[in-house]
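Student: model the following, please.
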Amino acid sequence: MSQFFYIHSENPQVRLINQAVEILRNGGVIVYPTDSGYALGCMIGDKHAMDRIVQIRQLPEGHNFTLVCSDLSELSNYSLVTNSAYRLIKNNTPGRYTFILTATKELPRRLMTSKRKTIGIRVPDNQIALDLLKALGEPILSCSLMLPNEEHITQSDPEEIRDRLEHQVDLIIHGGYLGQEPTTVVDLTTETPVILREGSGSVAPFI
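Tutor: Numbers count the residues shown, from 1 in each chain. Here you go, the predicted model:
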């Protein structure tokens, strides 16, 4: 049975944020709010927790996971970023975008797509998510909470998420009722940005 925290969307309670971080550090899988619906998250180095997320989502082999970061200071630790790509990312974060970048060798191979060795990076515009990341001190390995056979809709109702996933995750954070449109995914591994998925973020800056 998962825990269920009501966290204020604008002034997150520090006590609950710290409890959520402890659940992550102890190998937990959490559901947390972002600016484009709810997401599943775990620690980067926890393969067992990652496998649980794969099972919940029924993800195919080679799915591009995302590192959700508190700011851009961690970009160079996990990805190779050109000056032009960095400017585009900086001008559009925090926001409803996931950027696909070439991964560095420091990133565990299991987190990369097997063929292209890429990783998704994003900085959400959501105070609960940002407070979680700052308290944790490192990115959260994440993917949008889209359930099997509902691949184009991110889950937005925490009460419904509780009904469906309370036996499969360790914590569900109620951070309000959110939108159902996932992030816009932009591939920045080449000189010209490529829109891989048009979602809640405007594609105008990348055309």
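Student: against which helices or strands is the helix-or-strand element of the chain with minimal mean pLDDT packed?
Tutor: Every helix and strand in the chain was compared by mean pLDDT, DSSP states H and E; the lowest is helix 75-78, with a mean of 89. Counting contacts by 3 or more CB pairs under 8 Å, 6 or more residues apart in numbering; DSSP states H and E, helix 75-78 packs against strand 118-122. Bear in mind the C-beta positions are built from the backbone N, C-alpha and C, glycine included.
Student: which outside residues touch whichever helix or strand comes after the strand it packs on?
Tutor: Remark: after strand 118-122, the chain's next helix or strand is helix 127-136, criterion DSSP states H and E. Applying CB atoms under 8 Å, 6 or more residues apart in numbering, the contact partners of helix 127-136 are 7, 9-12, 14, 17-18, 20-21, 24-25, 32-35, 39, 68-70, 94, 124, 139-140, 173, 175.
Student: among the residues you listed, which ones are in helices?
Tutor: Val14, Ile17, Asn18, Ala20, Val21, Leu24, Arg25 (DSSP state H).
Student: of those residues, which is the most crowded?
Tutor: Ala20 (26 neighbours; other CB atoms under 10 Å).
Student: can you name the residues that contact that residue?
Tutor: Phe5, Ile7, Ile30, Tyr32, Leu132, Leu171, Ile173.
Student: can you pull the contacts of Pro94?
Tutor: Asp35, Val123, Pro124, Asp125, Asn126, Leu130.
Student: ok, so of those residues, who is nearest Glu150?
Tutor: Ranked by distance to Glu150 (CB to CB), the contacts of Pro94 are led by Asp35 at 19.6 Å.
Student: okay, and the beta partners of the closest one?
Tutor: Gly37 (DSSP bridges).
Student: just the strands in this structure please.
Tutor: Along the chain, the segments classed as strands by DSSP state E run 3-6, 30-34, 37-42, 66-68, 79-80, 97-103, 118-122, 140-144, 171-174, 184-187, 194-197.
Student: so who does the residue most central in space within the chain touch?
Tutor: Among the residues of the chain, the one closest to the centroid is Ser142, at 3.7 Å (CA atoms, centre = their mean). Under the criterion of CB under 8 Å, 6+ apart, the neighbours of Ser142 are Ala39, Leu40, Gly41, Phe65, Thr66, Leu67, Val68.
Student: who does the closest residue to the first one other than its chain neighbours bridge with?
Tutor: Ranked by CB to CB, 6 or more residues apart in numbering and with sequence neighbours excluded, the top spatial neighbour of Ala39 is Ser142, at 4.7 Å. In this entry, Ser142 is beta-bridged to Gly41, Thr66, by DSSP bridges.
Student: tell me the pLDDT of Ser142.
Tutor: Looking at Ser142, its pLDDT is 96.
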